[in-house]
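A.B. asks: fold the stuff below for me.
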Amino acid sequence: MNKGKGAGKQQLESEEKEEKERKRGFWLWFSRNKAWFIILLILIFLGSLIFLLPYLRKYEPRLRQIIPSYQCLLCHKKEIGASLHQPFKAAHCTSCHTPHEKGEKSKLVAPLKTLCFSCHPNIGKDITRNFVHDPVGKGFCLDCHLPHCSSHKALLKADPKELCFYCHRFAEELSIKDTHQPFAAGLCLSCHEAHGSNYDKGLIKNQKILCVVCHPDVGKKIQNPCVHSPIENNRCTDCHGYHATNYPVQLWAEKKDFCFLCHKDIKTLFEKTSAHPLNEKFYCVNCHDPHGAPYDNLLSKGGNDFCFSCHDYIGEYYPGCAHDYLQWIAPEGSCLNCHSVHGSDYSLLLVKEPLALCKTCHLLTPKHRIDHPYGKPSIDELTGGTLTCSSSCHNPHNTPYPAMVIKPRDELCLLCHQVEELP
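C.D. replies: Here you go, the predicted model:
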């Protein structure tokens, strides 16, 4: 048993000795023929170039980019950011920069404006539009963007909320109480294009379309037949501030006086002796919708129905009376035959002096002849003033009694004419 183990051990030692001799023999041969071996490798490499040369020529531009970029990283540490410029991410430095020796200053391979647009042709189209953002038009892309990496999207130097304010000083407007919500939140790009636009101020769309995106209630109103001229002409900012103003709903002036900035002729009517009430609680938009309405002059109702919205007590007896019949011969409606809308030189917004107004229709035919004394020097016994048609006898808006008198006829007469006075 022990003899078998000894024989196996001797055989193993013998095999190990032979292996060492073989390795020693190879290195001995290599040391003697090393020069010839190196020459052989060179010949193999040169021979392979015959087959590789066409491929090297084909990919030469690519290799020129890769190899210098590798050398760039030996000196320039790779920057890290959430947003990386694609050539920088791929370490293709020479896509934008010329190679340079240490100590020399590298240059861009083309002017900045041309260089950026070569990879961003869509932005190149933007500079042909009607409105171009000034830095883009001048090729100052790096005023807003970083060239390699950034912690903000689109390689911006800062968050858009802050970036725009670097050049556009809006500190005063931001301090105003009534500000446009996107402006206050720094969401400039919700309204403006960053590079170029076909619309004034670099807007994304024309004002009429852009504003109704966030103000759908206005969008419904401007579908009406009558639309306020500024909106119709895409000029919402004629009335409203685009960023901030000192007045509610971002108007350019106090709401009570605001409409008069354009409608100066209407303002003079409100300065007349008799004027429609106008104050903080009741002003133009109580009658006229500032955006759009179903009827002319931006009214919510047509004809006399609109007046009865407030003067409902008149509408109780007026429809169907003789005066109401005038609306069939006067398209503007019978109220406007007698009353001015905004202001008049005569009481109760009348278009003429009261007696002259009544005589416009009455006295034309025997049926409408006025026999009762009226006007100066006739005195109304009930009021003490001049006797007119409507001072104590008639209500021009109708009554339950014939001829629009305010009481049954005999009772009405006896208000002034006592029985003792009769013959």
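A.B. asks: ok, the closest residue to Gly375 other than its chain neighbours - contacts?
C.D. replies: Excluding the flanking residues, the one nearest Gly375 by C-beta to C-beta, 6 or more residues apart in numbering is Leu355, at 5.2 Å. Where C-beta positions appear, they are placed from N, C-alpha and C, glycine not excepted. Contact analysis of Leu355 by C-beta atoms under 8 Å, 6 or more residues apart in numbering lists 374-375, 388-389.
A.B. asks: now do Cys416
C.D. replies: Contacts for Cys416 (C-beta under 8 Å, 6+ apart) come out as 380-382, 392.
A.B. asks: one step back: relative to Ser390, how far out is the residue nearest to Gly375?
C.D. replies: Going from Leu355 to Ser390 by C-beta to C-beta, to the nearest Å gives 10 Å.
A.B. asks: Thr268 and Phe308, how far apart?
C.D. replies: Look at Thr268 and Phe308: by C-beta to C-beta, they are 27 Å apart.
A.B. asks: burial measure for His97, as a count.
C.D. replies: Burial of His97 is recorded as 19 neighbouring residues (other C-beta atoms under 10 Å).
A.B. asks: wait, it touches Lys105, no?
C.D. replies: No: using C-beta atoms under 8 Å, His97 makes no contact with Lys105, being 10.2 Å away.
A.B. asks: before we move on, back to that, show me which of the contacts of Leu355 are buried.
C.D. replies: Burial by neighbour count, judged by 16 or more other C-beta atoms under 10 Å, picks out 374, 388-389 from those.
A.B. asks: distance of Asn279 from Asp257?
C.D. replies: Computed with C-beta to C-beta, the distance linking Asn279 and Asp257 is 11 Å.
A.B. asks: ok, Val212 next?
C.D. replies: Distance from Val212 to Asp257, by C-beta to C-beta: 27 Å.
A.B. asks: who are the contact partners of Ser118?
C.D. replies: Contact partners of Ser118, counting by C-beta under 8 Å, 6+ apart, are Ala110.
A.B. asks: how about 10 Å then?
C.D. replies: The contact partners of Ser118, by C-beta atoms under 10 Å, 6 or more residues apart in numbering, come to 95-96, 109-110, 124.
A.B. asks: picking that back up, adding secondary structure and pLDDT, write the contacts of Leu355 out as TSV.
C.D. replies: Supplementary listing: the contacts of Leu355 in TSV, determined by DSSP: H, G, I helix; E, B strand; the rest coil; pLDDT from 0 to 100:
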residue	secondary structure	pLDDT
Tyr374	coil	79
Gly375	coil	79
Thr388	coil	84
Cys389	coil	85
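A.B. asks: save those residues as TSV, and put in distance to Phe131 too.
C.D. replies: Below are the contacts of Leu355 laid out as TSV (distance: C-beta to C-beta, whole Å):
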residue	distance to Phe131
Tyr374	68
Gly375	67
Thr388	63
Cys389	63
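A.B. asks: more neighbours, Val212 and Asp257?
C.D. replies: Set Val212 next to Asp257 and count neighbours by other C-beta under 10 Å: Val212 wins out with 20 against 13.
A.B. asks: for Ser69, give me the pLDDT.
C.D. replies: pLDDT recorded at Ser69 is 71.
A.B. asks: secondary structure element for it?
C.D. replies: Element membership for Ser69 (DSSP states H and E) is helix 60-75.
A.B. asks: following that helix in sequence, what is the next regular element?
C.D. replies: Remark: after helix 60-75, the chain's next helix or strand is strand 83-84, criterion DSSP H and E.
A.B. asks: note down every partner strand of that next one and its orientation.
C.D. replies: Next to strand 83-84 in the sheet, as set by DSSP bridges, lie strand 149-150 (antiparallel).
A.B. asks: model confidence over the strand it pairs with, on average?
C.D. replies: Per-residue pLDDT values across strand 149-150 average out to 92.
A.B. asks: circling back: I'd like the contacts of Ser118 as JSON lines, with distance to Asn233 and pLDDT appended.
C.D. replies: Putting the contacts of Ser118 into JSON lines (distance: C-beta to C-beta, whole Å; pLDDT from 0 to 100) gives the following:
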{"residue": "Ser95", "distance to Asn233": "47", "pLDDT": "86"}
{"residue": "Cys96", "distance to Asn233": "46", "pLDDT": "90"}
{"residue": "Val109", "distance to Asn233": "48", "pLDDT": "90"}
{"residue": "Ala110", "distance to Asn233": "43", "pLDDT": "90"}
{"residue": "Gly124", "distance to Asn233": "32", "pLDDT": "81"}
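A.B. asks: for those residues, which one is nearest Ser151?
C.D. replies: Checking these against Ser151 by C-beta to C-beta gives Cys96 as the nearest, at 20.8 Å.
A.B. asks: tell me the contacts of the closest one?
C.D. replies: Shown in contact with Cys96 (C-beta under 10 Å, 6+ apart): 85, 87-88, 106-110, 112, 115-116, 118-119, 147-148.
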